[in-house]
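*Asks:* okay, predicted coordinates and the sequence, questions at the end:
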Amino acid sequence: MDQITVEQALSMLAEIFEEPEENLQINTPRDDVIGWDSLGVLTLMAEFDERFNITIPSEDLESFLVIEDLINFLKKNGVVGEE
């Protein structure tokens with residue numbers, strides 16, 4: 001599997017949460033992302049599983065507070081390369 005960049009990950013997350021890309025930055029809090037609701041989380045889980053074969057443990061899901069937490073999770077799983 002080829003790694004993706006942080007910018008590509010941000011673009012993917014914007015698509016998943018149905019947010020304009022300019023609204024999502026590394027430091028964007030979860031509470032500021034309208035699409036980061038229960039349906040958004042299910043979509044996120046499905047996308048990570050389908051695209052990267054990664055399952056997000058529920059305890060990790062609860063610890064994601066900003067977009068950077070999702071990016072770091074992808075880095076930890078070898079999806080996002082270090083820039």
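*Replies:* Perfect, thanks for sending it.
*Asks:* what's near enough to touch the nearest residue to N77 once chain neighbours are set aside?
*Replies:* For N77, ignoring the flanking residues on the chain, the nearest one in space by C-beta to C-beta, 6 or more residues apart in numbering is I54 at 5.1 Å. C-beta: built from backbone N, CA, C; applies to glycine. By C-beta atoms under 8 Å, 6 or more residues apart in numbering, the contact set of I54 is F48, L74, N77, V79.
*Asks:* restricted to buried residues, select those in ChimeraX.
*Replies:* To isolate the buried members of those in ChimeraX, using 16 or more other C-beta atoms under 10 Å:
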select :48,74,79
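*Asks:* burial check on D32, number of neighbours?
*Replies:* Neighbourhood size, D32 [other C-beta atoms under 10 Å]: 14.
*Asks:* where's the closest residue to R51 other than its chain neighbours relative to T55, distance?
*Replies:* The shortest distance from R51 to any non-neighbouring residue, by C-beta to C-beta, 6+ apart, is to M12 (7.8 Å). According to C-beta to C-beta, to the nearest Å, M12 stands 17 Å off from T55.
*Asks:* who has more neighbours out of these two?
*Replies:* Legend: neighbour count by other C-beta under 10 Å for M12 and T55, higher for M12 (21 against 11).
*Asks:* thought the more buried one was touching V6?
*Replies:* No - using C-beta atoms under 8 Å, M12 is not in contact with V6, being 10.6 Å away.
*Asks:* what pLDDT does D2 get?
*Replies:* Per-residue confidence (pLDDT) for D2: 79.
*Asks:* ok, it - contacts?
*Replies:* Counting by C-beta under 8 Å, 6+ apart, D2 makes contact with nothing.
*Asks:* measure I56 to E82 for me?
*Replies:* When I56 is compared with E82 (using C-beta to C-beta), they lie 21 Å apart.
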